[in-house]
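Novice: give me coordinates for this.
(chains A, B, C and D)
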Number of protein chains: 2
Amino acid sequence: MRHLLTLELIEQVAKAGSIRQAAENMNITSSALNRRIQAFEEELGTPIFERLPRGVRLNPAGELLVQHIRAQRADLARVRSQIADLSGVRRGHVSIVCSQALTPFFLPAQIAAYRARHPGVDFTVRVRDRAAAERELSNFSADLALVFEPVYMADFEILHSVRQPVYAVMSAEHPLAAKPDLRLRDCLDWPHVLPAPQYGVRYLLDNALRNASRPLDPVVECDSFEFMRHYVLYEAAISFQISIGLIGAHARGLAFRPLPERDVPAGHLMLGQLRNRTLPVASAKFAQLLVEELDKLAPNA
Amino acid sequence: MRHLLTLELIEQVAKAGSIRQAAENMNITSSALNRRIQAFEEELGTPIFERLPRGVRLNPAGELLVQHIRAQRADLARVRSQIADLSGVRRGHVSIVCSQALTPFFLPAQIAAYRARHPGVDFTVRVRDRAAAERELSNFSADLALVFEPVYMADFEILHSVRQPVYAVMSAEHPLAAKPDLRLRDCLDWPHVLPAPQYGVRYLLDNALRNASRPLDPVVECDSFEFMRHYVLYEAAISFQISIGLIGAHARGLAFRPLPERDVPAGHLMLGQLRNRTLPVASAKFAQLLVEELDKLAPNA
DNA sequence: CCAGTGCGCTGCGCGGAATGCAGCACGGTG
DNA sequence: CACCGTGCTGCATTCCGCGCAGCGCACTGG
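Specialist: This is a model prediction of the structure:
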């Protein structure tokens, strides 16, 4: 959009940290860019960049402005999507950021189902830990976030929430696979494979054992749940995940058993968006679909 | 703001209903304006105006776009206000639309109190009936609405609500001024002076008497509450208003007595804004002040 | 200590985009 | 039928924004 060019340039300068660098990226000369910025600051009545010896940085006013710029672009995209919607065929784009647990089964199935009804809509899916996911919402670089145990930033607006107890995951031949009343301490008798601390499952386990005599002592700590699911097939170890990522897993020789909530409280898988933002048509409809399907999955809060 | 010029022109054309007319208003030639619009439609990929023999009119896509333009301008104003707020002194503008009951006492007092603390903030106050008030919120032509018995449009977000029983208003010498247990039917024995049907007080009275044997039979129907307050000093008639507009009125020879709620249910005076909108700093702070003061006035819901 | 580097910024001359002017076709009006 | 007001377009002009080259500055590293 032509009329937002200056704003886009400002955003680029903020990202690059230098006028010359940004000018390079946008294929104009630094002088032209410099003058645009000066003209804009003149018009606004206040500088938006601090001039540093090695470049520029946004000042607080600039931070506010850049947030506005992102909101503008996102809202324009929404308007275009609504206009496209008027003319019959639904087109559009949905950008969603999610926790790893959603990648093996749930999200692919939902996106495919949605695309079967609206082939004109395409998707961007990014896997991020819970902190990064919320950051991407604030950036307007994602429309929706489907995150396990989000960190509750102020501008994360919850659209739906489902309880997700923590499951112990092991090989189907593992002795614990058949034990009645599986407890967390039983699992800790065996080598255990844990997600890195930035993940929600780990957070819940850490909390559960904060005052316990037996600390966690992972033989493998890693940031891939797929890795962990496969690892327990090679060593008689225990891993931990939430159920939504385990659908269909027993077909691959895995067993998974819920941990009692008196040992590890259930976490919450939450669908959210940036507070007060109006989503594009496609994203809003997809969010609606997700809410329905999540509700079917676990009708409790 | 330079970069929004095209958008502003589009809005002007929409308002004027003709390119030539809008061009005149904005001091450019119609050809220049015409080409800007064509270029914009080209860029957007769809027309935004219907071409009619006597001018142009927004098509649905254009309606969406104009709403976006208004939102964009309002949000930019918010950003500027927040930036101004960074630099210490609060400056800004508050645009509020209200029911007539607020004009004699409450709103002047609140605005003066706010301006005593923040002299850099100026105000626009417009008196509108409850339907028009909500329309002005949607337009972004008002930040806040303080309305008696709003019509509950979907995008009216309630910030605060206070109960406001209906009072009978009469001359201090009127026989009913001293009657214990004043009932609505007592009032109807006398000539009565009523607000026009679009006002909340009238709406409540109409509802209360829908199935009654005695219909309303106003000797004067009018759209000025000030007129009605003064009229009852000249004829031994009864009028009806809510208490917030009557503060200080007994000093002027008026008496006012609450009607029991079994006769006329209390209405609600509501402070609201456009749903999901982030208000400029000054407006948000003023809204906060209003909430506190309304709450002091009547701590019940 | 002093070139070297990368930065923001500015004077200058040019090219293209936006403007204004005049005029076209069209449709409703009286 | 003439007449008006509309959206739209060809053409000359103007002027805004661009790239080029170069300045002064602050930091860096040999």
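Novice: okay, CA-based contacts and neighbour counts for the rest of this
Specialist: Noted.
Novice: so does the helix or strand in which A:Met270 is found get close to chain B?
Specialist: Take DSSP states H and E as the rule and A:Met270 turns out to sit in strand A:267-274. No - against chain B, strand A:267-274 shows no contacts by CA under 8 Å from any CA of the partner chain, the least distance being 11.2 Å.
Novice: so which elements touch the very next helix or strand once past that strand?
Specialist: The element immediately downstream of strand A:267-274 (helix or strand, assigned by DSSP H and E) is helix A:281-297. Judged by 3 or more CA pairs under 8 Å, 6 or more residues apart in numbering or on different chains; DSSP states H and E, helix A:281-297 is in contact with helix A:60-86, strand A:92-98, helix A:106-117, strand A:156-164.
Novice: give me the mean pLDDT for the longest one.
Specialist: Taken as a whole, helix A:60-86 has a mean pLDDT of 92.
Novice: count of residues packed around the single nearest residue of the stretch 201-301 of chain A relative to chain B?
Specialist: Nearest residue of the stretch 201-301 of chain A to chain B (CA to the nearest CA) works out as A:Asn276 at 4.8 Å. The tally of other residues near A:Asn276 (other CA atoms under 10 Å in any protein chain shown) stands at 13.
Novice: residues touching the closest residue to it other than its chain neighbours, list them.
Specialist: Leaving aside its sequence neighbours, A:Asn276 sits nearest to B:Asn276 (CA to CA, 6 or more residues apart in numbering or on different chains; 4.8 Å). Contact partners of B:Asn276, counting by CA atoms under 8 Å, 6 or more residues apart in numbering or on different chains, are A:276-277, B:157.
Novice: now do A:Arg91
Specialist: A:Arg91 makes contact with A:81, A:84-85, A:118-121, A:282, according to CA under 8 Å, 6+ apart.
Novice: and which of these is nearest to B:Ser18?
Specialist: A:Ala84 (25.6 Å; CA to CA).
Novice: shouldn't that closest one be in contact with A:Ala77?
Specialist: No - using CA atoms under 8 Å, A:Ala84 is not in contact with A:Ala77; the gap is 10.4 Å.
Novice: contacts for the strand holding A:Met270?
Specialist: Residues external to strand A:267-274 that are found in contact with it (CA under 8 Å, 6+ apart): A:137-138, A:140, A:143-150, A:155-166, A:200-201, A:204, A:287, A:291.
Novice: what does stretch A:290-301 give?
Specialist: In contact with stretch A:290-301 (CA under 8 Å, 6+ apart) are residues A:110, A:159-163, A:271.
Novice: again with stretch A:216-235
Specialist: Contacts to stretch A:216-235, defined as CA under 8 Å, 6+ apart, come from residues A:100-101, A:169-171, A:188, A:191-196, A:206, A:209, A:237-239, A:241, A:253-254.
Novice: can you check stretch A:51-67 too?
Specialist: Residues from elsewhere that reach stretch A:51-67 (CA under 8 Å, 6+ apart): A:10-11, A:13-14, A:17-19, A:46-50, A:139, B:79, B:82-83, B:86.
Novice: in strands, which of these appear?
Specialist: The members of the contacts of stretch A:51-67 that map onto strands under DSSP state E are A:49-50.
Novice: list the buried residues of stretch A:247-260.
Specialist: The neighbour-count check on stretch A:247-260 (16 or more other CA atoms under 10 Å in any protein chain shown) flags A:249, A:254-260 as buried.
Novice: grab the CA positions of that stretch and hand them over as PDB.
Specialist: Backbone C-alpha positions of stretch A:247-260 (Å, rounded to 0.1, in the frame of the first residue of the first chain) are rendered in PDB as follows:
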ATOM      1  CA  ILE A 247      -3.200 -39.000  19.600                       C
ATOM      2  CA  GLY A 248      -2.400 -42.000  17.500                       C
ATOM      3  CA  ALA A 249       0.900 -42.600  19.300                       C
ATOM      4  CA  HIS A 250       0.100 -46.000  20.600                       C
ATOM      5  CA  ALA A 251       0.100 -47.200  17.000                       C
ATOM      6  CA  ARG A 252       3.800 -46.600  17.100                       C
ATOM      7  CA  GLY A 253       4.600 -48.800  20.100                       C
ATOM      8  CA  LEU A 254       4.100 -46.100  22.700                       C
ATOM      9  CA  ALA A 255       2.100 -46.200  25.900                       C
ATOM     10  CA  PHE A 256       0.900 -43.200  27.800                       C
ATOM     11  CA  ARG A 257      -0.700 -43.000  31.200                       C
ATOM     12  CA  PRO A 258      -2.200 -39.900  32.900                       C
ATOM     13  CA  LEU A 259      -0.500 -38.800  36.100                       C
ATOM     14  CA  PRO A 260      -2.900 -38.100  39.000                       C
END
